[in-house]
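*Asks:* Predicted model, plus sequence, below.
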Amino acid sequence: DAKTTQPPSMDCAEGRAANLPCNHSTISGNEYVYWYRQIHSQGPQYIIHGLKNNETNEMASLIITEDRKSSTLILPHATLRDTAVYYCIVRVRGSQGNLIFGKGTKLSVKP
Amino acid sequence: DGGITQSPKYLFRKEGQNVTLSCEQNLNHDAMYWYRQDPGQGLRLIYYSQIVNDFQKGDIAEGYSVSREKKESFPLTVTSAQKNPTAFYLCASSMRDVNNSPLHFGNGTRLTVT
């Protein structure tokens, strides 16, 4: 699986959009981009994933660049409960589950 | 509600004792996984199973053992051979070899060995 690079921490004001970047410059054509988040002492929560098209669900939007070397997770209206560590992971279609979780980005949403 | 249940949430053991962590899912998922997380670190894969009665080692399987006798259950045994067993253990499940298949995680078991 390709490696990802994320900033270690970010701040966001409550009610504003949080834009979390991820670099995956070595991504292969069949690798999906997945985003999870982890609130302290809980299991990671799945947020969204995509292959090459932008995706949106009730939690977030995922913007993938045309060359697929980077992506951005957007939380449109961040709340205090969105404070968590956000992990960007690339995963081969049908792979065996060996997701490589890096250290992620610690997002702090401030009032 | 469908989901993954890990028990207990906190577990304390003396050094030299084996301990078994429970993981049960009612999502009808074929694949199940065990990860370990140390403070300030990402997750590392211990074992995974794609189907009943079959499992494979992950990156850090030494000192651990698993079984998969039922689709719903994937218990992890931390043996006395594991040199640094104190950690946060996470179980996950997913559909097997299916496109667009995210992992669903339990809320973890925090094991402390003294």
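*Replies:* Received it, and whenever you're ready, just let me know what you need.

*Asks:* Next, count neighbours for residue B:8.
*Replies:* A total of 11 residues lie near residue B:8 under the criterion other CB atoms under 10 Å in any protein chain shown. Bear in mind the C-beta positions are built from the backbone N, C-alpha and C, glycine included.

*Asks:* what do you get for residue A:72?
*Replies:* Per other CB under 10 Å, the neighbour tally for residue A:72 reads 16.

*Asks:* Could you tell me how far the nearest residue to it once chain neighbours are set aside is located from chain B?
*Replies:* Excluding its sequence neighbours, the residue lying closest to residue A:72 (CB to CB, 6 or more residues apart in numbering or on different chains) is residue A:63, at 4.6 Å. For residue A:63, the distance to chain B (CB to the nearest CB, to the nearest Å) stands at 18 Å.

*Asks:* Which helix or strand contains residue A:63?
*Replies:* Using DSSP states H and E, residue A:63 sits within strand A:61-64.

*Asks:* Pull up the pairing partners for that strand, direction included.
*Replies:* strand A:55-56 (antiparallel), strand A:70-75 (antiparallel) (DSSP bridges).

*Asks:* How far off centre is that strand?
*Replies:* Remark: strand A:61-64 is offset 9 Å from the chain centroid, using CA atoms, centre = their mean, to the nearest Å.

*Asks:* Now do that strand, average pLDDT.
*Replies:* For strand A:61-64, mean pLDDT is 97.

*Asks:* now swap in stretch A:77-96 and tell me
*Replies:* Stretch A:77-96 comes out at a mean pLDDT of 84.

*Asks:* pLDDT score for the closest residue to residue A:80 other than its chain neighbours?
*Replies:* Residue nearest to residue A:80 in three dimensions, not counting chain neighbours: residue A:109, with 5.3 Å by CB to CB, 6+ apart. Here, the pLDDT recorded for residue A:109 equals 97.

*Asks:* can you list the residues that contact the strand holding residue A:63?
*Replies:* Contact with strand A:61-64 is made by A:33, A:35, A:48-56, A:70-74, A:76, as judged by CB atoms under 8 Å, 6 or more residues apart in numbering or on different chains.

*Asks:* again, but for stretch A:21-31
*Replies:* So stretch A:21-31 is contacted by A:1-7, A:33, A:35, A:68-73, A:88, A:90-93 (CB under 8 Å, 6+ apart).

*Asks:* how long is it from one end to the other?
*Replies:* Length of stretch A:21-31, first residue to last, CA to CA, to the nearest Å: 17 Å.

*Asks:* Where does the prediction get shaky in chain B?
*Replies:* Chain B contains residues with pLDDT under 70 at B:1-2, B:97-100.

*Asks:* repeat that with 90
*Replies:* For chain B, the stretches with pLDDT under 90 are B:1-2, B:39-45, B:50, B:58-59, B:81, B:95-103.
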